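S.K.: for reference, the sequence and a predicted model appear below.
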Amino acid sequence: MTQGVIHWLRFASPQSFYPLAGRMTPWFALAAALFGAAGLWIAFFVAPTDAQQGEAYRIIFVHVPASWMSMFLYVVMAGWAGIGLALNTRLSAMMAHAIAPTGAMFAFLSLWTGALWGRPTWGTYWVWDARLTSELVLFFLYLGYIALNAAIDDRRRADRASAVLALVGVVNVPIIYFSVQWWNTLHQGASVSMTRAPSMAATMLAGMLLMALAFWMYSIAVALARVRVIMIEREAHTDWALELKENR
């Protein structure tokens, strides 16, 4: 048991994790493409037309998984940042920085698709609704994390400062999730819940879950690819990085 733990702990080193990330990236990218193709096929060609919203509802197959991923990735990013802050591990901070741009992209995608869905449904692209506003705050937290990290030249100070921001911002995630329960909002409640049956057709749910898996696999693939670049930038002075550059 101890040997198995030690075997996995060796991947906490950037030198060991770099080739592993390179091997895993294509597989997660392939999974993202397959899940995405299946999800979009169901979304546009299999799922029935909604009785109330018509064809406009199909944007939820992108909007809802993007919203899920924007929250989930922030928690994962903050988790890596917290580990790096507590244990001073280089790879943890690198993983947090690798995840941030993808999380920001999904937060923006959530807001943009939500606006497109809101125009035919609410008659406007934007309202200062509790869930929309808290999702916008999440987007700004991602941007603030990225900007703060880039603004400080000293890598250790940048990692610590951005980690504190990430951890403080975690409080916004439950606010987004529970906003429709805590306040009177225009935004509809959750269609998928862990405590009750889904309030949508099985084909709709299947398409949404497939798109969520596609976004999840995509996030892992992109984070692994990005962290390899960050490793080379930060470890440029080390023997293994110099040897890697020479062998290219």
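M.R.: Done, it's in. Numbers count the residues shown, from 1 in each chain.

S.K.: distance of Gly207 from Ala31?
M.R.: As judged by Cβ to Cβ, to the nearest Å, Gly207 and Ala31 stand 17 Å apart. Every residue, glycine included, has its C-beta placed from N, CA and C.

S.K.: and the two? Which one has more around it.
M.R.: Gly207 (26 against 17; other Cβ atoms under 10 Å).

S.K.: I'd say that one and Ala43 touch.
M.R.: Yes: between Gly207 and Ala43 there is a contact under Cβ atoms under 8 Å: 4.6 Å.

S.K.: what residues are up against Thr238?
M.R.: Gln15 (Cβ atoms under 8 Å, 6 or more residues apart in numbering).

S.K.: what sits against the residue nearest the centre of the chain?
M.R.: By Cα atoms, centre = their mean, the chain has its centre lying nearest to Leu73, at 3.3 Å. Applying Cβ under 8 Å, 6+ apart to Leu73 gives the contacts 99, 102-103, 106, 219.

S.K.: mind redoing it with 6 Å?
M.R.: 99, 103 (Cβ atoms under 6 Å, 6 or more residues apart in numbering).

S.K.: low-confidence regions, this protein specifically.
M.R.: 1-12, 51, 54, 179-200, 236-237, 239-248 (pLDDT under 70).

S.K.: just the helices from it, written as ranges.
M.R.: Under the criterion DSSP state H, helices of the chain are mapped to 2-9, 14-41, 60-87, 90-122, 130-151, 155-169, 172-182, 202-234, 239-247.

S.K.: buried residues of the second one, list them for me.
M.R.: Using 16 or more other Cβ atoms under 10 Å as the test for burial, helix 14-41 gives 14-15, 17-18, 21, 25, 28-29, 31-32, 35-36, 38-40.

S.K.: tell me the two of those that are most distant?
M.R.: Spanning the widest gap among those are Gln15 and Leu40, at 38.9 Å by Cβ to Cβ.

S.K.: mutual contacts of Gly207 and Ala43, please.
M.R.: Phe61.

S.K.: circling back to that earlier point, out of the helices of the chain, the one nearest Gln53 is which?
M.R.: Taking these one by one with Cβ to Cβ, helix 90-122 is closest: 6.4 Å.

S.K.: thinking again about what came up before, list just the nearest of the buried residues of helix 14-41 to Leu148.
M.R.: For those, the nearest to Leu148 is Pro14 (22.1 Å; Cβ to Cβ).

S.K.: how far away is that closest one from Tyr125?
M.R.: 44 Å.

S.K.: next: Val229.
M.R.: 36 Å.

S.K.: ok, Tyr74 next?
M.R.: Counting by Cβ to Cβ, the gap from Tyr74 to Tyr125 is 24 Å.

S.K.: and the two? Which one has more around it.
M.R.: Tyr74 (26 against 12).

S.K.: in contact with the residue nearest to that one when sequence neighbours are not counted, which residues?
M.R.: What sits nearest to Tyr74 in space, not counting adjacent residues and going by Cβ to Cβ, 6 or more residues apart in numbering, is Gly103, at 5.5 Å. By Cβ under 6 Å, 6+ apart, the contact set of Gly103 is 70, 73-74, 77, 142.
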